[in-house]
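J.: Build me a structure from this.
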Amino acid sequence: MIYNLQDALAAASDAEDAQFIPILDGQDSNEMKVQQNDILGVLPLKNMVLFPGVLLPVNVSRPKIQKLVKSAFENEKPIAVLCQHEKETEDPKCEDLYTLGTAARIVRVLNMLDQSLVVLLEGVDRIKVEEFTTTRTGIKARVSIYPEVFPAKNDKEFVAIASNIRDQALQILKGADNVAPEASLTLRSIDNPPTLVNYVCVNFGMSIAEKQELLGTETLSDRALRLLEILNKEVEMIKMKQDIQSKTKEEIDKEQRQYYLHHQLETIQKELGDTGAQVVAEMRKRAESKHWSDAVAKIFDKELEKLQHTPSHSPDYSIQQNYLDTLLDLPWNEYSEDNFDIKNARQVLDREHYGIDKVKERIIEHLAVLRQLQRKQQEVLGADEEATNGVGPAVKAPILCLYGPPGVGKTSLGKSIAEALGRKYARISLGGLHDEAEIRGHRRTYIGAMPGRIIENIRKVKTSNPVFVLDEIDKIGADYKGDPTHALLEVLDPEQNNTFHDNYLDVDYDLSKVLFIATANSLDSIPRPLLDRMELIEMTGYTQEEKIEIAKRHLIRKQQENHGINDAQMHLSDDIIRHLIDDYTRESGVRSLDRQLAALCRKIVTRIAMEEHVEPTLSLPELRTYLGQPRFSRDMYEGNNYIGVVTGLAWTAVGGEILFIEASLSPSKTPTLTLTGNLGDVMKESATLALGYIKAHAAEYGIKQKDLDTHSVHIHVPEGAVPKDGPSAGITITTALVSAFSGRKVRERIAMTGEMTLRGKVLPIGGVKEKILAAKRAGITDIILCNDNRKDIADIAESYLTGLTFHYVRDIKEVIDFAIL
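T.: Numbering: from 1, shown residues only. Below you'll find the predicted structure:
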């Protein structure tokens with residue numbers, strides 16, 4: 001906007017809440033000069049820069065600044081007018097101000113009804129601030145004069161530049177909106193070239209940085225050239241906008257003509273009884289509410305036009321209609337609102353699933369990240385929760401893979417995660433899938449073509465950010481139709497799935513907001529590139545204590561509701577549940593336990609139906625009566641009465657177990673090593689390694705070389721029908737052989753697990769938690785572990801470790817010294 005004194009006074013007097021109250025007129029600017037090192041009060045401006053010789057009206061609302069202005073006006077003193085670096089700063093400090101500014105005299109002060117002042121300033125001299133001082137009345141500045149360097153009076157080049165500046169400024173005013181006609185008249189009335197240059201610098205829309213740059217130019221000629229360059233760019237921008245508007249108007253006219261023709265065509269088709277026109281109209285109406293991209297909208301319009309020209313009795317009509325319906329049914333950029341209540345999410349996960357703390361912690365972390373990013377986005381955009389529409393920030397969802405034995409709650413965890421996040425839930429089973437088109441869809445050139453199962457489930461849940469469970473990802477097959485795992489590489493890659501291409505849709509769809517959760521029993525059959533795209537979280541089998549809690553919290557209540565009974569008719573103590581788990585199930589999860597509870601409920605309901613007496617609290621004999629004799633038994637510690645027998649610890653898919661390593665010697669002229677018990681290759685190698693180590697270090701353990709040369713060794717691990725393998729029996733086999741050759745027994749109630757190298761170093765093993773719980777159930781009191789397994793003990797609850805003593809070793813010699821009596 002162009003300002004002059006008359007405009008400012010008119011604006012003030014015309015305002016509804018203003019009253020023109022003249023106080024005093026300041027003296028002429030020629031009589032008010034600034035000297036070197038003068039101390040001037042500072043008037044900070046938010047988004048304006050004052051130049052010498054130009055009038056500028058300023059609104060002042062801050063009380064301190066008002067006092068400064070009135071004092072300077074009454075005492076006829078100049079003030080330093082400096083611009084702020086950031087216009088949002090309400091109470092600027094010294095460091096918030098530019099040091100280059102203009103000394104000004106106050107021409108007039110207008111008191112407004114809203115207690116603010118309108119101050120008319122006239123620039124006097126350019127100044128540089130040498131030093132700031134902060135006082136109670138405001139900021140003071142010690143300034144030095146930075147005089148303007150004017151061109152010569154007969155400088156024709158400068159006059160020509162000023163003329164060009166006037167022309168360009170007038171052209172900008174002509175293309176601007178809401179500009180008063182007097183603005184052009186004022187610009188034309190300025191005859192003095194230097195005044196014209198400074199006037200345009202003050203009043204035309206430029207950035208503060210550009211205005212400060214213009215103010216700081218060495219000479220007025222340099223300022224004029226730089227100003228002309230800025231105005232030229234602005235003129236080019238205006239021309240570009242006008243060209244765009246012209247083209248847009250032509251496109252709008254074309255669209256209006258097409259709309260009119262389409263409307264006429266629909267009327268004709270309606271008169272002829274053509275239902276296809278009605279279908280097209282309904283689809284076009286539905287498309288108006290879609291939030292898809294321009295590329296998708298263009299494809300939809302093209303395909304809709306093709307449908308419009310296809311006879312309704314043609315076979316291609318239904319194919320085309322189904323395709324368009326699929327496009328319209330998909331939730332393009334439509335998201336359900338995430339529930340960012342972290343405490344509620346934790347309560348939901350804890351209520352539905354006992355244990356599996358690592359998985360729940362990872363979900364809570366993802367939710368916390370979404371919540372924090374949304375808050376950051378709101379701070380940047382100044383938006384509240386409604387403004388963001390509850391969608392949350394543009395963050396890519398993680399790709400989780402839960403793997404572990406059956407029945408540990410991998411699939412059901414997906415439902416709980418969806419409930420905790422407040423999202424829709426989708427699930428597909430990939431077991432036995434062998435056609436790539438099941439993932440990517442069929443091309444529409446095939447008869448019966450349809451979208452892939454990913455897009456189809458997104459279509460069903462009607463939201464673009466569901467929790468999507470990919471069940472049994474380790475059981476995908478492959479044949480001549482392709483390998484579905486190759487298609488999943490795109491689905492499960494956070495860097496690619498924002499442009500997932502379904503062959504049926506033939507357009508890209510954004511899957512980056514979908515929280516994919518894959519489940520698997522084993523990682524061995526999953527291709528390495530696919531594993532690399534997922535965050536692997538292991539869900540190990542439940543311990544006996546965890547199964548008891550799951551039964552009490554979930555399974556018993558569920559089966560009671562399914563069979564119409566309550567606690568007054570069937571109550572199970574912890575001891576009975578423990579017997580039910582140990583004697584009738586052998587699994588890592590709780591599915592068999594759930595089935596046994598269902599069988600128990602059926603027996604009780606049958607007795608109630610036959611009006612027989614039923615004890616509410618179930619006893620062990622009654623449990624045997626209902627479910628029969630125990631089907632399984634667990635090994636217990638058998639003492640140390642035998643030489644060459646050592647208790648080891650093993651991990652199985654159904655939890656930890658103890659096992660006995662038995663070693664015996666028999667006289668032989670040709671010593672041999674015999675291994676029995678259905679041992680795997682790794683365990684056989686451990687036995688061979690143990691015997692080789694003992695032969696090399698026989699003297700250290702008091703073993704005679706003659707005994708090694710005249711005795712065959714037989715190593716057996718009981719329950720020969722059960723396959724056994726793994727490296728963790730290394731130190732156990734070595735201890736058993738030392739006991740057999742030396743004739744010394746093993747310490748009572750001791751168990752051990754660990755891998756051993758040929759030089760006797762003990763290596764860490766896995767499955768520590770399950771092994772420790774198995775040892776505790778069997779009555780073991782001392783456990784030997786590798787020193788590197790200390791960290792695994794720290795992750796186990798203290799209640800599970802009560803009554804156990806751990807001995808950490810680095811070398812097999814430490815094991816032998818402690819274990820052999």
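J.: Mind giving me the packing neighbours of the helix or strand containing residue 214?
T.: Assigned by DSSP states H and E, residue 214 belongs to helix 208-215. Counting contacts by 3 or more CB pairs under 8 Å, 6 or more residues apart in numbering; DSSP states H and E, helix 208-215 packs against strand 79-83, strand 100-111, helix 193-203, helix 220-271. Using the backbone N, CA and C atoms, a C-beta is placed for each residue, glycine as well.
J.: helix or strand right after the longest one?
T.: With elements assigned by DSSP H and E, the helix or strand that comes after helix 220-271 is helix 275-287.
J.: can you pull the buried residues of the next helix or strand after that following helix?
T.: Counting by DSSP H and E, the next helix or strand C-terminal to helix 275-287 is helix 294-308. Buried positions in helix 294-308, judged by neighbour count with 16 or more other CB atoms under 10 Å: 296, 299-300, 303-304, 307-308.
J.: Run through the stretch 201-350 of the chain and note the low-pLDDT ranges.
T.: Counting by pLDDT under 70, the stretch 201-350 of the chain has low-confidence residues at 262-276.
J.: related to what we said a few turns ago, single out the most deeply packed of the helices and strands packed on helix 208-215.
T.: When the helices and strands packed on helix 208-215 are scored by mean count of other CB atoms under 10 Å, the highest mean neighbour count falls to strand 79-83 (a mean of 25).
J.: Does anything pack onto that strand? Which helices or strands?
T.: By 3+ CB pairs under 8 Å, 6+ apart, strand 79-83 packs against strand 38-45, helix 63-74, strand 100-111, strand 117-135, strand 138-145, helix 208-215.
J.: any idea which of those is most buried?
T.: By mean count of other CB under 10 Å, these have strand 100-111 as the most buried, with a mean of 23.
J.: Can you lay out the buried residues of helix 294-308 as CSV showing distance to residue 379?
T.: Output for the buried residues of helix 294-308, formatted as CSV (distance: CB to CB, whole Å):
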residue, distance to residue 379
296, 32
299, 38
300, 37
303, 42
304, 42
307, 47
308, 48
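J.: one step back: among the helices and strands packed on helix 208-215, which comes closest to residue 351?
T.: Residue 351 lies closest to helix 220-271 among the helices and strands packed on helix 208-215, at 55.1 Å (CB to CB).
J.: picking that back up, which of the buried residues of helix 294-308 sits closest to residue 287?
T.: For the buried residues of helix 294-308, the nearest to residue 287 is residue 300 (5.9 Å; CB to CB).
J.: So the closest one is in contact with residue 327, correct?
T.: Yes - counting by CB atoms under 8 Å, residue 327 is a contact partner of residue 300 at 5.6 Å.
J.: for the protein, what are the low-confidence residue spans?
T.: Within the chain, the stretches with pLDDT under 70 are 1-31, 177-181, 262-276, 381-397, 634-637, 653-655, 721.
J.: quick one on the thing from earlier: now the helices and strands packed on helix 208-215 in JSON lines, with distance to residue 509?
T.: Converted to JSON lines, those look like this (distance: least, CB to CB, whole Å):
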{"stretch": "strand 79-83", "distance to residue 509": "50"}
{"stretch": "strand 100-111", "distance to residue 509": "55"}
{"stretch": "helix 193-203", "distance to residue 509": "51"}
{"stretch": "helix 220-271", "distance to residue 509": "27"}
